[in-house]
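Chemist: Here is my input, please return the structure:
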Amino acid sequence: MPVSEDTIGMGMPSALRKRTAQSAEAKQKIAEATVSATSAAKGGDDVKQPPMIGQPRNVSMTDAARIIAQAEEDEDRPEETPNEPVKEPTFKVTLKTTQAATDEIDKEGATEEVPISFEGKKVFAVDGFSFSVLPEAKFQGFHDKEVKKFFEKWGIRFHISKYRFHEQYDPSLKSSFMRDLFTSEAFQKNARRAGRKGLSNPVQSMEGKITKVDAEDLNATVTNMGFFDRIEENGILGASGKIRGCFEDIIDDVSCNSLLRQALLNEDHEQYDIFDDDERKELIFRLFRHMVIGGGTMCQYEDYLKPYLDTCKLLYKDLISVCRNSSTGQVDVKTHAYQINEVDGITLFPLEHGLNTCFVCIDSLRKYVTYYYAAWPGNSW
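Modeler: Below is the predicted model of the structure:
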């Protein structure tokens, strides 16, 4: 098929077309010269000349040989791939989701679904992540009046805040994301931690020369409170839903005087295995354990399981974002969750203890990150 001279990146390359034309002309010139020489050698006999191909240009024998060699070399070369304009990656997402979990988690009432539809380019953080605080962020669970009363009763003092980022997040960027978050001006001025040993009240800023953040990957796959049905199924509750007591064991300075606490903390107890290792890395398990154990010796624990489950459900909704998969109809959690254990450059927790709690939950669709902090107080606030 003929190709226009103005066509770029399609068909035969323009340089190759030019050399091919020159080769044809050179071959014609050589043929003419050969005919003339043969005619002269035979005494001027009439010799039928080959047909002309267009109007030949004056080409020397040396140039003709060079052009023919170049053309033959080009003919042996693999055909070049046509140049096509590079398309920048784009994405389009249309989903119905809620900041709170859907009815899969909240079975007692419908949650408001917020439709989201957006289209644009994925912007990866080449030069790092940038953050801005969301001072008006609402946490319906953590700021619920009943939840606040329970936290006072359980001896939990906490801080929670939310931030917006503008780049595309991927779990492979965890280290740089955490470093950029903890060193950002918005985070250092607004996030809080406990000040000194013996005081768990998070009132101190995060300002400091932070160089590294130790972030443990957590699972965030649970979408149904049936995750905790095993507590009743394994005889930890009585017939009325009351938590069964037991002989007291002290595990990591915590009084384990119920089967529930034994199941959560005591590796040597028979009830410990009702949750396997992967399940113990679920965000909702860490949150539930955080409430049941509470804040050290100041915790006034509950006799019944229901207050713990109800509170855990409310708080879990504040930390995760979910959407319904249009293909499967299932609810998927769209949050990347991490437990922060240590931060080089500042003292994150006044006391080293396995029950220190610091969650960073990243909503990669909305580009929000939520920070939750509660230090283990030991034997004193």
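Chemist: can you give me the helices in this protein?
Modeler: Ranges of helices in the chain, per DSSP state H, are 14-41, 61-76, 145-154, 174-183, 185-190, 229-233, 259-265, 277-280, 283-293, 306-319.
Chemist: can you give me the mean pLDDT across the longest one?
Modeler: Model confidence over helix 14-41, given as mean pLDDT, is 59.
Chemist: So for Leu181, what's the pLDDT?
Modeler: Note for Leu181: predicted pLDDT of 97.
Chemist: My read is that it contacts Val133, right?
Modeler: No: assessed by CB atoms under 8 Å, Leu181 is found out of contact with Val133, at 11.4 Å. The way it works is simple: take the backbone N, C-alpha and C, and place the C-beta from them, glycine included.
Chemist: re earlier: would you single out the least confident of the helices of the chain?
Modeler: helix 14-41 (a mean of 59).
Chemist: Pull out the buried positions in stretch 170-180.
Modeler: 173-174, 177-180 (16 or more other CB atoms under 10 Å).
Chemist: Closest one to Gly195 out of the residues you listed, please.
Modeler: Closest approach between those and Gly195, by CB to CB: Met178, at 22.2 Å.
Chemist: Just to check, the closest one is in contact with Ala215?
Modeler: Yes: counting by CB under 8 Å, Ala215 is a contact partner of Met178 at 5.0 Å.
Chemist: what is in contact with the two at once?
Modeler: 338, 340, 360 (CB atoms under 8 Å, 6 or more residues apart in numbering).
Chemist: May I see those residues arranged in a markdown table, with pLDDT and distance to Phe288 as well?
Modeler: Output for the shared contacts of Met178 and Ala215, formatted as a markdown table (pLDDT from 0 to 100; distance: CB to CB, whole Å):
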| residue | pLDDT | distance to Phe288 |
| --- | --- | --- |
| Tyr338 | 98 | 17 |
| Ile340 | 98 | 19 |
| Val360 | 98 | 18 |
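Chemist: Strands - which of those land there?
Modeler: Using DSSP state E, the members of those that fall within strands are 338, 340, 360.
Chemist: Touching, the first one and Asp217? I think so.
Modeler: Yes: taking CB under 8 Å as the contact criterion, Tyr338 and Asp217 are neighbours in contact, 6.3 Å apart.
Chemist: Which one of those two is surrounded by more residues?
Modeler: Tyr338 (23 against 12; other CB atoms under 10 Å).
Chemist: who does the more buried one bridge with?
Modeler: Asp217, Val360 (DSSP bridges).
Chemist: quick one: contacts for it?
Modeler: Taking CB under 8 Å, 6+ apart, one finds 174, 178, 215-218, 359-362 in contact with Tyr338.
Chemist: ok, back up a step: which of the shared contacts of Met178 and Ala215 lies closest to Phe247?
Modeler: For these, the nearest to Phe247 is Ile340 (35.0 Å; CB to CB).
Chemist: What distance do you get for that closest one to Ile362?
Modeler: Counting by CB to CB, to the nearest Å, the gap from Ile340 to Ile362 is 12 Å.
Chemist: Give the residue from those two that has the larger number of neighbours.
Modeler: Ile362 (25 against 22).
Chemist: Hmm, Phe177 and the more buried one touching each other?
Modeler: Yes: using CB under 8 Å, Ile362 makes contact with Phe177 at a distance of 7.4 Å.
Chemist: any shared contact partners between those two?
Modeler: Tyr169.
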